[in-house]
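Student: Sequence and predicted model, in that order:
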Amino acid sequence: MKHLLSPLDLSVEELDDLLNLADRIVADPKKYSHCCDGKKLATLFYEPSTRTRLSFEAAMLNLGGSVLGFASADSSSASKGESVSDTIRVISCYADICAMRHPKEGAPMVAASKSSIPVINAGDGGHQHPTQTLTDLLTIRSLRGELGNLTIGLCGDLKFGRTVHSLIHSLIRYENVKFVLISPKELRIPDYIREDVLDANDIEYVEVEQLEKVMPQLDILYMTRVQKERFFNESEYLRMKNFYVLNAQKMQLAKPDMFVLHPLPRVNEISVEVDDDPRAAYFRQAKYGVYVRMALIMTLLELEVK
Amino acid sequence: MLNVGQLNEGFVLDHIEAGKSMELYNYLGLAKLDCCVAIIKNARSNKMGKKDIIKIEGGLNLVDLDILGFIDHKITVNIIKGGKICDKKELALPNTITNVIKCKNPRCITSIEQGLDHVFILTDKENQIYRCLYCEEKNVK
């Protein structure tokens, strides 16, 4: 039985298969609308989430399955002190597959080790968020036709942004991917990503502070939110949160076929005036998130539709 | 020069970095043994200048060589029979260590989950870097 705990749990071939299935679902969603009839997805969300939980639920409902679960630790047995290991053993009796979000890093791995159903990591603290990475990869591949041969700008909080770290890990497996890392120096990419991932694999990258200068080079601009919850100091957060604001004026500097992605939610790092630009792809990205989760549920449940 | 009695049957952990023997004593749980254990601190060494030595009476199964390898794989293990060195054991960095060190990341699941082993994996042999199995936090020695 397979679980999905990290984006790198899938080989490039497995990832291709998954994205190809997602493409087929996008092309003909009706064909897959009953493949999970009678199956149940448990959403075990120990901390609040809107889009990840709802996109998992939408994915399972689209496949004809049903959903059960909880949306915060307060409404689960965790508030009574139940361990993750015990919870998953019980949930394994109720559902066919589960998606877990937990504030503690490694919790889904503990769950997977005791589970008799596939476990999907729906985000564990600042550690991994593999289904966001799958969403990003499907979006990039759908918009550009391939995952290699691109220059991607990653902008904003590159220090704490787990989606950025996972995306780098995944994209270095493709040919000719160049990274432009755009952040204030306080929020630069951690050393272990720079040294152990980029340098160690001889990947081409530059680190800059100014977005405007590099805009014309980019094929993809991946914006991130400066997350308030990662800062201990309010004034530091206030100083950082307005560091980058993508607006129509900056979009004029970009290539006509460049795309803007964002894992959402955004606060003010992308001005609403950009939303109508055809290159703004972040709401399409949210939709791809449902399709890729449908493909993932089918893959982990080993379901096929002829 | 201090003289410690000769060991007839047992093993000697030699070339321990000076000052590290008590740390090793605690990691290996030597306090629990009821055999004879001698700790020699700051012994003179041609190779190291100063070194610590631990002598233990009994079989090598009394200690976990993986723990020893993790703490310092350059330590020499001499097996003594009839008062003489009959064998030397090479130590290596273990690929996994369980319940020897604890993950210090407060966001790690090991900080709250009952009965969960603290497991570290060797991820970079050259730089001797171990990472927590669950959160991948680096262990800083």
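Tutor: Yep, that arrived. Keep in mind the model is a prediction, meaning the values are calculated, not measured.

Student: Would you agree residue B:65 is in contact with residue B:91?
Tutor: Yes - contact criterion C-beta atoms under 8 Å: residue B:65 and residue B:91 qualify, at 6.4 Å. Quick note: C-beta positions are derived from backbone N, CA and C, even for glycine.

Student: Give me the common contacts of the two.
Tutor: Counting by C-beta atoms under 8 Å, 6 or more residues apart in numbering or on different chains, the common neighbours of residue B:65 and residue B:91 are residue B:77.

Student: mind checking how far residue A:273 is from chain B?
Tutor: Distance of residue A:273 to chain B, given as C-beta to the nearest C-beta, to the nearest Å: 37 Å.

Student: which phi and psi does residue B:7 have?
Tutor: Dihedral angles of residue B:7 (phi, psi; degrees, to the nearest 10) stand at phi -100, psi 130.

Student: Tell me who's in contact with it.
Tutor: Residue B:7 is in contact with B:38, B:55, B:57, B:80, B:83, counting by C-beta under 8 Å, 6+ apart.

Student: tell me which parts of the stretch 51-200 of chain A are close to chain B?
Tutor: Within the stretch 51-200 of chain A, the residues that sit near chain B (C-beta under 8 Å from any C-beta of the partner chain) are A:83-85, A:102-107, A:109-110, A:124-127, A:192, A:196.

Student: which among those end up buried?
Tutor: A:83-85, A:102, A:104-107, A:109-110, A:124-127 (16 or more other C-beta atoms under 10 Å in any protein chain shown).

Student: What residue in the chain is the furthest from its centre?
Tutor: By default, I'm working from chain A. In chain A, counting by C-alpha atoms, centre = their mean, residue A:80 sits farthest out from the average C-alpha position, at 30.6 Å.

Student: let's do chain B instead
Tutor: residue B:107 (28.2 Å).

Student: pretty sure that residue contacts residue A:125?
Tutor: Yes - with contacts counted by C-beta under 8 Å, residue B:107 reaches residue A:125, the gap being 4.6 Å.

Student: Identify the contacts common to these two.
Tutor: With C-beta under 8 Å, 6+ apart, residue B:107 and residue A:125 have common neighbours A:103-105, B:135.

Student: Now render these as JSON lines, adding secondary structure and pLDDT.
Tutor: Below are the shared contacts of residue B:107 and residue A:125 laid out as JSON lines (DSSP: H, G, I helix; E, B strand; the rest coil; pLDDT from 0 to 100):
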{"residue": "A:103", "secondary structure": "coil", "pLDDT": "92"}
{"residue": "A:104", "secondary structure": "coil", "pLDDT": "94"}
{"residue": "A:105", "secondary structure": "strand", "pLDDT": "94"}
{"residue": "B:135", "secondary structure": "coil", "pLDDT": "93"}
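
Student: out of those residues, who's nearest residue A:201?
Tutor: Taking C-beta to C-beta as the measure, residue B:135 is the one of the shared contacts of residue B:107 and residue A:125 closest to residue A:201, at 22.7 Å.

Student: Show the contacting residues for that closest one.
Tutor: By C-beta under 8 Å, 6+ apart, the contact set of residue B:135 is A:105-106, A:125, A:127, B:103, B:105, B:107-110.

Student: Next: residue A:227.
Tutor: Counting by C-beta under 8 Å, 6+ apart, residue A:227 has contacts A:157, A:160-161.

Student: Likewise for residue B:43?
Tutor: By C-beta under 8 Å, 6+ apart, the neighbours of residue B:43 are B:50-53.

Student: what kind of secondary structure is it in?
Tutor: Three-state call for residue B:43 (DSSP: H, G, I helix; E, B strand; the rest coil): strand.

Student: Just grab the bridge partners of it for me.
Tutor: For residue B:43, the beta-bridge assignment (DSSP bridges) gives partners residue B:51.

Student: And the pLDDT at it?
Tutor: Residue B:43 is assigned 90 on the pLDDT scale.

Student: In chain B, which residue sits closest to chain A?
Tutor: residue B:134 (2.5 Å; C-beta to the nearest C-beta).

Student: my read: that residue touches residue A:102, true?
Tutor: No - Residue B:134 is beyond contact range of residue A:102, at 11.0 Å (criterion: C-beta under 8 Å).
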